[in-house]
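Undergrad: Coordinates for the following, if possible.
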Amino acid sequence: MSEIINFFSTTGFAQLNWSYVIMIVFGLIFVYLGIAKNYEPLLLVPIGFGIIIGNIPGTFGVYSEGSVMNLIYYGVKSGIYPPLIFLGIGAMTDFSTLIANPKLILLGAAAQFGIFATFIGSLLLGFNVMEAGAIGIIGGADGPTSIFLSSQLAPHLVGPIAIAAYSYMALVPVIQPPIMKLFTTGKERVIRMKTPRLVSKREKILFPIIGAIVTIMIAPGASALLGMLFFGNILKESGVTERLAKAARHALIDIVTILLGLAVGASTQADVFLKVDSIKIFGLGAFSFCIATATGLLFAKLMNIFLKEKINPLIGASGVSAVPDSARVVHHIGQKYDKNNFLLMHAMAPNVAGVIGSAVAAGVLLGILGN
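TA: Numbers count the residues shown, from 1 in each chain. Model (predicted):
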């Protein structure tokens, strides 16, 4: 009997308490949303499962020095995984609509206002300036960028920040439509835009080269992210490295996404995650995402005051970096009011501009706060 009791004392059941149960339920919800609701399943399923295994007491988790999960988590805390994901994103992204209509990059820039609004909000809620900088980037709705910046400025907040960023990315179809309807009129939602011009191969090749030079000059701190993004894109557009581009946009990004999602989920151990600061971060994340969406919409309306050829303000909502979900939501909402209005190609321009914009914002924050 004593041996049985001793064995039971070594199991997770003996060490289980309410905080671990809460986190395991939280992980199950993530898995459910990914599988049943199809909300970003490639992200939520690995993260949710990571939350579950990370909150089984007695295991050698990400904070156990030298454990397997600790070694996997090294790619998160060192900032290795995000640039590799950006490489894959660049290899699968078509910048044609942005090249054809460069003024739409302003919508991607406008949506980044959420980052700086959240930075101020974080300071007001008692976070120090380094923590506020890391939290603020959630407003860009870009998971890899959020992980990269928080790993550099506030490593102890990587878990809550990553979970908040990916949660709101997954909830784009739920959060954005009400805001889009609130800030646009029925007349504005049915505006049709001209089909973008055809972009030459030379332009597609020059764009990542020029884009890398200009953006990295502006924000050297984000060179790892921006360099990999544009490098992946030139692999795609050059026409001579398709094999490398295919590996980057399929095998590489899939492997890194699995490792990153599992590690980030496992980092949310109850004793580390269940704190007042985590609740504040989730609240700030929701605030920042709403602000980013609203500023994108309002800036599109402002642009229409000066443009002869009007743009559909709905595409301003896709200025956040949730690629391509935000652009799809814009297209879906537009078709509710006009079934023959195809906004997807137009919405992709501010959407990919938002990816660049959030990385530049991260580089600026890292350059200012990291020194």
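Undergrad: Just give the nearest non-adjacent residue to residue 148, would you?
TA: residue 82 (3.9 Å; C-beta to C-beta, 6 or more residues apart in numbering). For every residue, glycine as well, the C-beta is placed using N, CA and C.
Undergrad: The one you found: neighbouring residues, count only.
TA: Neighbourhood size, residue 82 [other C-beta atoms under 10 Å]: 26.
Undergrad: any idea how far it is from residue 76?
TA: Computed with C-beta to C-beta, to the nearest Å, the distance linking residue 82 and residue 76 is 9 Å.
Undergrad: where do the contact lists of those two overlap?
TA: 147, 260 (C-beta atoms under 8 Å, 6 or more residues apart in numbering).
Undergrad: buried residues in the helix ranked longest in the chain?
TA: Secondary structure of the chain per DSSP state H: the longest helix is helix 276-306. Neighbour-count burial for helix 276-306 flags 277-278, 280-282, 284-285, 287-301, 303-304 (criterion: 16 or more other C-beta atoms under 10 Å).
Undergrad: Same check on stretch 202-216?
TA: Per 16+ other C-beta under 10 Å, stretch 202-216 contains these buried residues: 204, 207, 208, 211, 212, 215, 216.
Undergrad: Other residues contacting the helix or strand containing the first one?
TA: Counting by DSSP states H and E, the element that carries residue 204 is helix 201-218. For helix 201-218, the external contacting residues (C-beta under 8 Å, 6+ apart) are 90, 95-96, 99, 222-223, 226-227, 230-231, 233-234, 237-239, 356, 359-360, 363-364.
Undergrad: at 10 Å what do you get?
TA: 90, 93-96, 98-100, 102, 199-200, 222-239, 356-357, 359-360, 363-364, 367 (C-beta atoms under 10 Å, 6 or more residues apart in numbering).
Undergrad: are any of these buried, and which?
TA: 90, 93, 95-96, 98-100, 199, 222-237, 356-357, 359-360, 363-364.
Undergrad: Would you mind listing where the chain has pLDDT under the threshold?
TA: For the chain, applying pLDDT under 70 flags the ranges 7, 371.
Undergrad: sorry, back to before: against which helices or strands is the longest helix of the chain packed?
TA: The contact analysis (3 or more C-beta pairs under 10 Å, 6 or more residues apart in numbering; DSSP states H and E) places helix 276-306 against helix 105-110, helix 113-124, helix 129-136, helix 158-170, helix 172-183, helix 186-189, helix 325-337, helix 344-369.
Undergrad: quick one: which of those helices is nearest residue 17?
TA: helix 158-170 (19.0 Å; C-beta to C-beta).
Undergrad: chain center to the closest one: distance?
TA: 8 Å (C-alpha atoms, centre = their mean, to the nearest Å).
Undergrad: the inter-axis angle of that helix versus helix 172-183?
TA: 60 degrees (axes from the mean of the first three to the mean of the last three C-alpha atoms, to 10 degrees).
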